[in-house]
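> Structure for this input, please:
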Amino acid sequence: MNTKQFSQTLSLCVAAAILTVPMTVALMAMGPQRQTGPSGRLAVVGEVTVNGTNAISGATVFSDSTVTTAKGSSAVVSLGKLGRVEVLPESSVKLTFDSASIQTAMLDSGRVRVSSSSGVGATATTNDGSIVADKSDKNEFTVDTTCGDTLVSVKKGRVELRAGDSVKQIAAGNQDTAGTATPGCRR
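Residues are numbered from 1 along each chain as shown. Predicted structure coming up:
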């Protein structure tokens, strides 16, 4: 191979590398697996992670994702016609959803606000029990576990707080609890 042929080959290799790197970086940013099915759009204030990775506004959130917020931070996952889930400061929740329901599969800590459209099932689960919204109407409710118990406040609609053998009906404008709060804890 003469010098001219070597130079042309080297130029082609460099050009191929330059064109390949951005595509490789883009594919790596998408993560190891491509998700399909329903997804939500994320809006972030402050420090938020999704599945342990720093998140930015506009990111796509898929079902079975864990959203975690730092102190003074929050996140809203907009789920289109289903509704939305707001993850309030210092909270961690696993979100599961499909084309007909929103589930906060487990609120590990903190507070979430769930808003669901009429005809959409919405549930939340904590260590103390589960909260199930009446899907015949729009619902908006907050679940708070910051004091070690579960406090459910309903702004719109109606939910059931199911804890052990107990089922409590909570209508709009009311709240109720399950579990035992940490003594002296204030919300």
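> Show me the shaky parts of the chain.
1-36 (pLDDT under 70).
> Give me the domain ranges for it.
Following automatic domain parsing, one finds the domains of the chain at 1-34, 39-178.
> can you redo these as CSV with distance to Gly184 and mean neighbour count?
For the C-beta atoms, the positions are set from N, CA and C on the backbone; glycine is no exception. Formatted as CSV, the domains of the chain follow (distance: least, CB to CB, whole Å; neighbours: other CB atoms under 10 Å):
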stretch, distance to Gly184, mean neighbour count
domain 1-34, 43, 9
domain 39-178, 9, 18
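> can I get these in a markdown table with distance to Cys185?
As requested, these are exported to a markdown table (distance: least, CB to CB, whole Å):
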| stretch | distance to Cys185 |
| --- | --- |
| domain 1-34 | 38 |
| domain 39-178 | 4 |
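> of all the ones you listed, which lies closest to Arg187?
Closest to Arg187 of these, according to CB to CB: domain 39-178, at 6.1 Å.
> can you tell me which strand in this structure is longest?
In the chain, with assignment by DSSP state E, the single longest strand is strand 101-109.
> what are the C-alpha coordinates of it, in PDB please?
Extracted in PDB, the C-alpha atoms of strand 101-109 (Å, rounded to 0.1, in the frame of the first residue of the first chain):
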ATOM      1  CA  SER A 101     -55.100   2.600  35.300                       C
ATOM      2  CA  ILE A 102     -52.600   4.400  37.400                       C
ATOM      3  CA  GLN A 103     -50.900   2.600  40.300                       C
ATOM      4  CA  THR A 104     -48.400   3.900  42.700                       C
ATOM      5  CA  ALA A 105     -47.200   0.400  43.300                       C
ATOM      6  CA  MET A 106     -45.400   1.300  46.400                       C
ATOM      7  CA  LEU A 107     -44.900   4.700  48.100                       C
ATOM      8  CA  ASP A 108     -41.700   3.900  49.900                       C
ATOM      9  CA  SER A 109     -41.500   7.200  51.600                       C
END
